[in-house]
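Trainee: Just a sequence and a predicted model for now, questions to come.
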Amino acid sequence: MKTYFDCVPCFVRQVLDSVRMTTDDTRLHEKVLREALSMASEMDLNQSPPAMAQKIHQFIRKMTGISDPYLDVKNRFNKLALQMYPDLRMRIDTSTDPVETAVRLAIAGNIIDFGVNSAVESSQVERTIAESLTDPFDRESLEVFKHAISRAEKILYLGDNAGEIVFDRLLIEQLPCEKITFVVKGGPILNDAVMEDAQIVGLTDVVDVIDNGSDAPGTILENCSETFRRRFDQSDLIIAKGQGNYETLSDVDKNIFFLVMPKCSVLARHLGREIGSLVLSGSNHSHFAEGS
């Protein structure tokens, strides 16, 4: 997915959000903002938005000397999601369709996104999670998803944000864990999950977890480690969470299911869905079609 003009204001907001988290020095705010605007003016709009975001956030970390500006945010939402986990697990276990309920919750967890939102309140997360259990949902895509899971031998599950990965855990626990490898980012970027987050929320006790060797807020394959790319190529099914993974992988020729909640007009238009809707969208799934 290419970068649209409407993405540029989002880059600027991310810069201001990130630098304000690290310092009160307004002179540094201005210096970082001016440099980021200069970088944005030279961006290749044919690249995905995460490609530009990666460069901008690498510069912010260098200028501020803070390796993980969103660490407190990540810890806060890991804690919130873990507090919600027991009740949500009970809802799944007592559901007439546990996989559907878990998929709904996993997608709803994508609301914890500081790449698109300047702030996310705990009440907003709790409300979104509750509403996801009754929101409209594409059950036809769900059945294709279930069939693909049953046919696949090697599944790569690409995570997105800290806190959100607790809801991914709820889904993974309803799937054949022995087939699945969960993927976190190779370095801090926005509030995306890294290995430490996976350990904190107990994902490493449930499923094999690796990192992709990259600090881009998505999955830019050429920017990832050779080890990850090999695992990606060897997997016959990819589950990709969140906007960044959609933006970077929507044009990749691979069997991919995207689980995402569109939170901006650009992505909503690209998906042909409403902002805030629950999206389970697949590509190249003929291999898993019924009867194949």
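Mentor: Cool, got the structure.

Trainee: Tell me the spacing between Met52 and Gly115.
Mentor: Met52 sits at a distance of 12 Å from Gly115 (criterion: CB to CB, to the nearest Å). Bear in mind the C-beta positions are built from the backbone N, C-alpha and C, glycine included.

Trainee: So which of these two has more stuff around it?
Mentor: Gly115 (27 against 22; other CB atoms under 10 Å).

Trainee: Can you classify the nearest residue to that one once chain neighbours are set aside as helix, strand or coil?
Mentor: Computed as CB to CB, 6 or more residues apart in numbering, the closest residue to Gly115 that is not its neighbour in sequence is Leu190, at 4.8 Å. Here Leu190 is recorded as coil under DSSP: H, G, I helix; E, B strand; the rest coil.

Trainee: how about Leu190, what does it touch?
Mentor: Leu190 makes contact with Gln14, Ser18, Ala53, His57, Tyr70, Phe114, Gly115, Asn161, Pro217 under the criterion CB atoms under 8 Å, 6 or more residues apart in numbering.

Trainee: What count of nearby residues applies to the fourth one?
Mentor: Same thing as His57. Neighbour number of His57 under other CB under 10 Å is 26.

Trainee: Quick check: phi and psi on it?
Mentor: With angles defined as degrees, to the nearest 10, His57 sits at phi -70, psi -30.

Trainee: is it true that it touches Asp17?
Mentor: No. Judged on CB atoms under 8 Å, His57 makes no contact with Asp17 at a distance of 10.7 Å.

Trainee: what's the span of stretch 196-207, first residue to last?
Mentor: 14 Å (CA to CA, to the nearest Å).

Trainee: can you check stretch 62-79 too?
Mentor: 28 Å.

Trainee: Can you show me the helices along the stretch 51-200 of the chain?
Mentor: 71-93, 98-108, 122-132, 139-151, 164-172, 195-200 (DSSP state H, counting those that start in this stretch).

Trainee: As JSON lines, those helices with distance to Ala240 and mean pLDDT would be great.
Mentor: Putting the helices of the stretch 51-200 of the chain into JSON lines (distance: least, CB to CB, whole Å; pLDDT from 0 to 100) gives the following:
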{"stretch": "helix 71-93", "distance to Ala240": "20", "mean pLDDT": "97"}
{"stretch": "helix 98-108", "distance to Ala240": "12", "mean pLDDT": "98"}
{"stretch": "helix 122-132", "distance to Ala240": "18", "mean pLDDT": "94"}
{"stretch": "helix 139-151", "distance to Ala240": "12", "mean pLDDT": "96"}
{"stretch": "helix 164-172", "distance to Ala240": "11", "mean pLDDT": "98"}
{"stretch": "helix 195-200", "distance to Ala240": "16", "mean pLDDT": "98"}
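
Trainee: Those helices: which one's closest to Asp211?
Mentor: helix 195-200 (5.6 Å; CB to CB).
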